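In: Structure here, sequence nowhere to be found:
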């Protein structure tokens, strides 16, 4: 019996949720975040990049004529953070793509991670925007990727003259949290024989019509890697024959060799417990077989065993070759 196998691949989708957090201010503020930014996640090699489009306004009155506004991500001043399998070193963050908007300021970089804004006090407020990239590495180790978040970046906004002294005019506008990155598509694999050789039988073994003789067996195993979230559902194996013969309510695969040879011999596939597997659901027999149920996020493996039985529609059939094929199709959550 020849076997042809098709596999249906299903991608794992993580819904990304962003938690919005309030803006906190301590004393005077030289920068106010307009809207908590939602990051986009990209990947460069093994490094994830959370990119924020940040927009806000300067409080020029608070800055005065002798001060500059210093803006940086707070983690750039602290040790790296590790959580849920990911590590973020704020010193690797960067501010770029500055759009001055309505602000007539000049900019200087204290470093790639910080922005220093200098401008004359000729108006009360003005708006501007920039991008902020936060690179992080690792692999998720939690259990709730759709609701977990990795880190909530905060922007330190300080008058330059007081920076580094825990001054009263520091403030910390907070962005949206970094969600758990989506994983690449996870694909299960199917292990199966390419060809099943059936045992030889003699025409005389079929001393009456529809006498069954067992001529072989085979198994099909579904293997799936571990995932970041628990799975639920029942993977199903669909068997399809190229040609089906229905006799007395039973289902058989026809011979695909020369029809004049080994006629009228048929093959029947059974599961343990003598359940007949039919390749045509319209006949009424079970063409869909259930693997074990997904119950968690661990690696998964489940095996289904099948038996091959050969029969004849009449006693003492003509001798010859019997060949048929079965297409296997898997659906899984």
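Out: Here it is on my side, so go on. What you see is a predicted model; the values in this text were computed from it and never measured. Residues are numbered from 1 along each chain as shown.
In: So which helix or strand of the protein has the lowest pLDDT on average?
Out: Ranked by mean pLDDT, DSSP states H and E, the weakest helix or strand in the chain is strand 24-25, scoring a mean of 32.
In: right, and the helix or strand after that strand?
Out: Remark: after strand 24-25, the chain's next helix or strand is strand 31-33, criterion DSSP states H and E.
In: Excluding covalently adjacent residues, which one is nearest to residue 198?
Out: residue 215 (4.0 Å; C-beta to C-beta, 6 or more residues apart in numbering). All C-beta atoms are positioned from the backbone trio N, CA, C, and that covers glycine.
In: what do you get for residue 303?
Out: residue 221 (4.4 Å).
In: what number of residues lie near that neighbour?
Out: Using other C-beta atoms under 10 Å, residue 221 has 14 other residues around it.
In: Which parts of stretch 311-321 count as buried, going by neighbours?
Out: Buried residues in stretch 311-321, counting neighbours by 16 or more other C-beta atoms under 10 Å, are found at 311-312, 317.
In: One more: stretch 212-228?
Out: Quick answer for stretch 212-228 (16+ other C-beta under 10 Å): 215-218, 220, 222, 224, 227-228.
In: So residue 214: helix, strand or coil?
Out: Going by DSSP: H, G, I helix; E, B strand; the rest coil, the secondary structure assigned to residue 214 is strand.
In: Help me confirm that it comes into contact with residue 309.
Out: Yes: counting by C-beta atoms under 8 Å, residue 214 touches residue 309, with 5.5 Å between them.
In: contacting residues around residue 321?
Out: Neighbouring residues of residue 321 by C-beta atoms under 8 Å, 6 or more residues apart in numbering: 257-258, 261-262.
In: before we move on, what about residue 55?
Out: So residue 55 contacts 33-35, 37, 101, 127-129 (C-beta under 8 Å, 6+ apart).
In: Who are the contact partners of residue 324?
Out: 1-2, 241-243, 253-256, 267.
In: Look at it and report its pLDDT.
Out: According to the prediction, residue 324 has pLDDT 85.
In: how close does it get to residue 272?
Out: 21 Å (C-beta to C-beta, to the nearest Å).
In: Check which helix or strand residue 267 maps to.
Out: strand 265-271.
In: Show me what that strand is in contact with.
Out: For strand 265-271, the surrounding residues in contact (C-beta under 8 Å, 6+ apart) are 1, 198, 212, 215, 239, 245, 247, 250-255, 276-277, 279, 289, 304-313, 317, 320, 322, 324, 326.
In: Could you give the average pLDDT over it?
Out: For strand 265-271, the per-residue pLDDT averages 87.
In: Off-centre distance for that strand?
Out: Relative to its chain's centre, strand 265-271 lies at 38 Å (C-alpha atoms, centre = their mean, to the nearest Å).
In: What residues of that strand count as buried?
Out: Of the residues in strand 265-271, those buried (16+ other C-beta under 10 Å) are 265-270.
In: how about the helices in the chain?
Out: For the chain, the helices defined by DSSP state H cover 60-63.
In: Domain ranges for it, per the record?
Out: Under the assignment automatic domain parsing, the domains of the chain span 2-11+186-331, 24-179.
In: quick one: low-confidence ranges for the stretch 1-150 of the chain?
Out: The stretch 1-150 of the chain contains residues with pLDDT under 70 at 1-29, 36-37, 61-67, 104-112, 119-124.
In: what ranges do the strands span in the stretch 51-200 of the chain?
Out: 69-73, 81-83, 86-88, 94-99, 106-111, 114-118, 125-138, 149-151, 155-159, 171-172, 178-179, 189-191 (DSSP state E, counting those that start in this stretch).
In: can you list these in a markdown table and add mean neighbour count?
Out: Conversion of those to a markdown table gives the following (neighbours: other C-beta atoms under 10 Å):
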| stretch | mean neighbour count |
| --- | --- |
| strand 69-73 | 23 |
| strand 81-83 | 15 |
| strand 86-88 | 19 |
| strand 94-99 | 16 |
| strand 106-111 | 13 |
| strand 114-118 | 20 |
| strand 125-138 | 18 |
| strand 149-151 | 20 |
| strand 155-159 | 23 |
| strand 171-172 | 20 |
| strand 178-179 | 22 |
| strand 189-191 | 14 |
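In: Using CSV, please lay out the ones you listed together with distance to residue 59.
Out: Output for the strands of the stretch 51-200 of the chain, formatted as CSV (distance: least, C-beta to C-beta, whole Å):
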stretch, distance to residue 59
strand 69-73, 8
strand 81-83, 29
strand 86-88, 29
strand 94-99, 18
strand 106-111, 17
strand 114-118, 11
strand 125-138, 6
strand 149-151, 27
strand 155-159, 9
strand 171-172, 10
strand 178-179, 27
strand 189-191, 59
